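Visitor: One predicted model, sequence on top.
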Amino acid sequence: MATIFSKIAAGEIPSYKCAESEHYYAFLDINPLAFGHTLVIPKQEVNYIFDINDEQYAGLWAFAKKVATALKAAVPCRRIGVAVIGLEVPHAHIHLVPINKERDMDFSNKKEFPAEEMQAVATRILEEFEKL
Ligand code: 5GP
């Protein structure tokens with residue numbers, strides 16, 4: 001059965017799309033740690049990130065690097081924090097989180113933002129991504 005993230009990448013479940021390429025997809029985390037918190041996934045379904053083959057793995061991180069550049073341009077911050085957890089959704093993903101201080105990466109402190117703000121920031125990230 002397809003994972004929820006496969007359905008998102010296929011457009012079967014709506015998401016706030018931030019970037020897309022042939023093999024990878026980026027979208028806003030629905031319960032962000034910080035405004036602009038983005039998830040980067042391979043379209044191919046693999047549960048555990050370190051089970052991805054070397055070529056796809058390198059491609060995933062290269063794509064994430066581009067998304068992080070777009071995210072930093074769209075959401076002013078000190079750094080883009082990076083994390084891989086994977087305890088909730090069994091489809092490999094990289095968390096990219098705009099941060100100004102260490103506590104902004106606290107996974108026990110999820111936030112909510114209005115739909116219009118989520119849509120606006122996703123659009124900004126996508127616009128920045130398309131410039132790269
Ligand atoms: P992890 O698997 O890394 O522990 O966490 C999964 C992340 O995916 C969480 O931060 C959670 O908020 C996010 N998430 C779970 N389900 C959905 C969903 O249906 N849509 C989106 N956009 N994010 C989700």
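Guide: That came through fine.
Visitor: For the rest of this, base every contact and every neighbour count on C-alpha atoms.
Guide: OK.
Visitor: For this structure, which residues are neighbours of the ligand?
Guide: 15, 28-31, 85-89 (C-alpha under 6 Å from any ligand atom).
Visitor: Please narrow the residues you listed to those residing in helices.
Guide: Using DSSP state H, no member of the residues of the chain next to the ligand falls within helices.
Visitor: Can you add neighbour count and give these back as TSV?
Guide: Formatted as TSV, the residues of the chain next to the ligand follow (neighbours: other C-alpha atoms under 10 Å):
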residue	neighbour count
15	19
28	25
29	22
30	17
31	14
85	13
86	15
87	10
88	6
89	13
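Visitor: so can I have JSON lines of the residues you listed showing pLDDT?
Guide: Formatted as JSON lines, those follow (pLDDT from 0 to 100):
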{"residue": "15", "pLDDT": "98"}
{"residue": "28", "pLDDT": "98"}
{"residue": "29", "pLDDT": "98"}
{"residue": "30", "pLDDT": "98"}
{"residue": "31", "pLDDT": "97"}
{"residue": "85", "pLDDT": "98"}
{"residue": "86", "pLDDT": "97"}
{"residue": "87", "pLDDT": "97"}
{"residue": "88", "pLDDT": "97"}
{"residue": "89", "pLDDT": "98"}
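Visitor: What spatial separation is found between residue 87 and residue 47?
Guide: 10 Å (C-alpha to C-alpha, to the nearest Å).
Visitor: Please disregard the earlier target; I meant residue 55.
Guide: Taking C-alpha to C-alpha, one finds residue 55 at 16 Å from residue 47.
Visitor: coming back round to it: now, which of the residues of the chain next to the ligand sits nearest residue 67?
Guide: The nearest member of these to residue 67, counting by C-alpha to C-alpha, is residue 28 at 11.4 Å.
Visitor: Nice, that's everything, thank you.
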